[in-house]
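> sequence and computational prediction follow.
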Amino acid sequence: MTEQNLFKTGAKIIECFEENNYEGYFVGGAVRDYTLGRAVSDVDITTNALPDEIESLFEKTIDVGKEHGTIIVLMDDLPFEVTTYRVEGEYTDHRRPDNVFFTQHLKEDLSRRDFTINAMAMTADMELYDPYDGIRDLDSRMINTVGTAADRFGEDALRMLRAVRFMSQLDFNLADDAKDAISLHAEMLDYVAVERITAELEKLYRGINVKSAKDMIERTGLKSHMPFFKHIDKEQYIKSSAQSLEQEAVIHIYNNSELSGHLSALKLSNRQKTTIKQSLKLLDDLKSDMHIKLVAYRYETDILTGVNAIINSNELLSTNHKEHLQSAIDAEPRLVIQNRNELAVDGNALMTALNARGGPWLRKCLDTIEREVLLENIKNNESEIINWVSSHVKNEDGNIVFTDGR
Ligand code: ATP
Ligand code: MG
């Protein structure tokens with residue numbers, strides 16, 4: 001799906017609003033990224049139509065947060081988040097408004113948004129509506145809050161982290177009043193749900209200037225209020241170079257294993273936790289000089305390349321070990337087998353050949369064969385493997401014993 005199509009299809013939604021005497025605009029990140037010439041992956045729309053009215057205007061809708069005014073409209077099978085113009089009531093807990101109110105005025109909706117560059121709207125004809133000078137800040141590459149920084153961060157403390165996330169994502173600077181406000185009120189981040197913090201950190205690490213964001217996190221004191229990160233030594237944190245949240249965790253846990261006890265505070269997904277665990281295991285295996293082919297066989301490509309990226313930009317292992325990992329990456333496509341299913345024998349074939357029943361020996365035997373085939377000490381060919389097994393394993397009255405001490 002090209003981006004042009006995304007806006008074209010979204011324009012149909014806006015036109016439908018207009019035909020029914022409502023207003024509709026593109027808004028938020030899509031307008032910002034389109035104006036910057038950056039890739040746009042999802043396009044949000046804002047309207048003065050109320051959620052029930054949105055639902056009745058379109059054939060396919062999904063209610064994802066009607067009470068906050070958000071409905072997904074499917075147009076030509078593409079999902080668009082459509083949100084009713086709204087303003088927010090008092091914030092008493094630094095994380096969410098006590099109430100939200102729908103409004104009929106676009107400008108009011110834009111005024112509740114966090115940064116000027118995120119508070120622009122655009123018509124179906126791609127004409128900008130920019131009452132808070134987002135374009136000025138896009139031109140000067142500056143992150144400025146809509147209104148007074150301290151007030152806006154006080155309402156929703158996550159915005160402090162969003163500010164540094166956008167620094168990284170866009171390679172922008174942070175306005176001085178925003179910096180000062182964060183330095184003064186960093187502790188308000190303690191009120192924010194971990195999941196929201198982690199989601200912003202993930203985007204931060206995917207950005208193009210992670211370093212500037214990390215420096216700001218340290219300088220303003222935000223780090224001391226970030227789960228897991230608060231336990232990382234300041235110098236280590238500034239020095240490290242990571243391209244994902246998982247990589248950052250790996251680097252610091254590898255340097256200081258006590259940190260692993262704090263990892264759960266980030267509430268990562270199982271997949272992320274596995275990536276971290278596997279990467280740490282790989283670092284240990286490299287350090288203890290595991291055979292290159294075994295390294296290549298045991299680890300998924302993304303773990304190998306992720307750890308390669310980590311060790312090439314951080315001082316974690318010796319040059320020798322780095323070369324070792326590079327050889328493993330090069331060797332991976334040429335391994336004789338990629339997984340155990342590719343072995344020329346299976347448990348049944350072994351039981352038949354030895355005339356024995358299954359048992360713990362079988363697993364041990366398969367593990368050994370797998371290793372020998374992989375290291376090219378035996379050919380991956382049924383009769384060769386069976387021959388090899390017959391000379392290393394004996395069936396002694398139904399008990400299978402390994403004859404060469406393996
Ligand atoms: P991305 O490209 O990462 O999706 P985005 O600008 O679309 O960036 P979202 O988190 O998807 O960011 O939010 C969409 C829009 O909603 C923002 O552009 C901004 O206008 C508004 N917004 C989101 N979170 C907040 C917040 N915490 N406070 C105020 N406005 C917010
Ligand atoms: Mg978005």
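Perfect, I can see it now. Ligands and ions are numbered 1, 2, ... in the order given.

> just give me the neighbour total for the residue nearest to L50 when sequence neighbours are not counted.
Spatial nearest neighbour of L50, excluding adjacent residues (C-beta to C-beta, 6 or more residues apart in numbering): T84 at 5.7 Å. Any C-beta I mention is one placed from the backbone N, CA and C, and that applies to glycine too. Here the number of neighbours of T84 (other C-beta atoms under 10 Å) works out to 24.

> could you check how far D151 is from ligand 1?
Distance from D151 to ligand 1, counting by C-beta to the nearest ligand atom, to the nearest Å: 12 Å.

> equivalent analysis for K239, please.
For K239 relative to ligand 1 (C-beta to the nearest ligand atom), the value is 27 Å.

> for that residue, give me its contacts.
K239 is in contact with N314, counting by C-beta atoms under 8 Å, 6 or more residues apart in numbering.

> got a list of contacts for stretch 196-205?
Contacts with stretch 196-205, where a contact means C-beta under 8 Å, 6+ apart, come from 158, 161-162, 164-165, 168-169, 189, 210, 213, 226-227, 242-245, 247-248, 266-268.

> so what pLDDT did the residue of the chain found nearest ligand 1 get?
Proximity of the chain to ligand 1 (C-beta to the nearest ligand atom) peaks at G29, 2.3 Å away. At G29, the model reports a pLDDT of 97.

> now do the same contact list for it.
By C-beta under 8 Å, 6+ apart, the residues touching G29 are V40, D42, D44, N118.

> make a PyMOL selection of the buried ones in those residues.
In PyMOL, a selection of the buried entries from these looks like this (16 or more other C-beta atoms under 10 Å):
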select buried, resi 40+44+118
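
> narrow the contacts of G29 to those in strands?
D44 (DSSP state E).

> just the strands in this protein please.
With DSSP E as the criterion, the chain has strands at 24-27, 44-47, 61-65, 70-75, 78-84, 86-88, 100-102, 121-122, 128-129, 142-143, 173-174, 393-396, 399-402.

> could you dump these to JSON lines with distance to E18?
Output for those, formatted as JSON lines (distance: least, C-beta to C-beta, whole Å):
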{"stretch": "strand 24-27", "distance to E18": "6"}
{"stretch": "strand 44-47", "distance to E18": "10"}
{"stretch": "strand 61-65", "distance to E18": "18"}
{"stretch": "strand 70-75", "distance to E18": "15"}
{"stretch": "strand 78-84", "distance to E18": "14"}
{"stretch": "strand 86-88", "distance to E18": "20"}
{"stretch": "strand 100-102", "distance to E18": "19"}
{"stretch": "strand 121-122", "distance to E18": "14"}
{"stretch": "strand 128-129", "distance to E18": "14"}
{"stretch": "strand 142-143", "distance to E18": "32"}
{"stretch": "strand 173-174", "distance to E18": "37"}
{"stretch": "strand 393-396", "distance to E18": "79"}
{"stretch": "strand 399-402", "distance to E18": "79"}
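
> which one of these lies nearest to L6?
strand 78-84 (6.9 Å; C-beta to C-beta).

> helices or strands next to that closest one in the packing?
Counting contacts by 3 or more C-beta pairs under 8 Å, 6 or more residues apart in numbering; DSSP states H and E, strand 78-84 is packed against helix 3-19, strand 44-47, helix 51-57, strand 70-75.

> packing partners of the shortest one?
With contacts defined as 3+ C-beta pairs under 8 Å, 6+ apart, the packing partners of strand 44-47 are helix 3-19, strand 24-27, strand 78-84.

> distance between the longest one and the chain's centre?
Computed by C-alpha atoms, centre = their mean, to the nearest Å, the separation of helix 3-19 from the middle of its chain amounts to 30 Å.

> next, the angle from that helix to strand 70-75.
Between helix 3-19 and strand 70-75, the angle comes out at 110 degrees (axes from the mean of the first three to the mean of the last three C-alpha atoms, to 10 degrees).

> show the average pLDDT along helix 3-19.
The model assigns helix 3-19 a mean pLDDT of 95.

> select only the buried ones of the contacts of stretch 196-205 in ChimeraX?
Entered in ChimeraX, the line below selects the buried ones among the contacts of stretch 196-205, by 16+ other C-beta under 10 Å:
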select :158,161,162,164,165,168,169,189,210,213,226,227,242,244,245,247,248,266,268
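
> filter the contacts of stretch 196-205 down to the ones near ligand 1?
L158, R162 (C-beta under 6 Å from any ligand atom).

> so where is the protein shaky, pLDDT-wise?
Applying pLDDT under 70 to the chain flags the ranges 1, 404-406.

> flag every residue of it that's near ligand 1.
With the criterion set to C-beta under 6 Å from any ligand atom, the chain comes near ligand 1 through G28, G29, R113, D114, N118, A119, D156, L158, R159, R162, K203.

> how deep is the last one tucked in, by neighbour count?
What that stands for is K203. By other C-beta under 10 Å, neighbour count at K203 equals 15.

> do the same with the fourth one
Residues contacting D114 under the criterion other C-beta under 10 Å number 23.

> ditto for the first one
When neighbours are counted by other C-beta under 10 Å, G28 registers 24.

> pretty sure it contacts N118?
Yes. Taking contacts as C-beta atoms under 8 Å, G28 lies within contact range of N118: 5.5 Å.

> in CSV, list the contacts of G29 along with distance to L286.
Conversion of those to CSV gives the following (distance: C-beta to C-beta, whole Å):
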residue, distance to L286
V40, 40
D42, 39
D44, 45
N118, 43
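
> sitting in helices, which of the contacts of G29 do you find?
Using DSSP state H, no member of the contacts of G29 sits in helices.

> which of the contacts of G29 lies closest to I378?
For the contacts of G29, the nearest to I378 is D42 (52.8 Å; C-beta to C-beta).

> list the residues that contact that closest one.
L6, G29, A30, P79, F80, E81.

> picking up where we left off before, so the residue nearest to L50 touches K66, yeah?
No. Assessed by C-beta under 8 Å, T84 is found out of contact with K66, at 9.3 Å.
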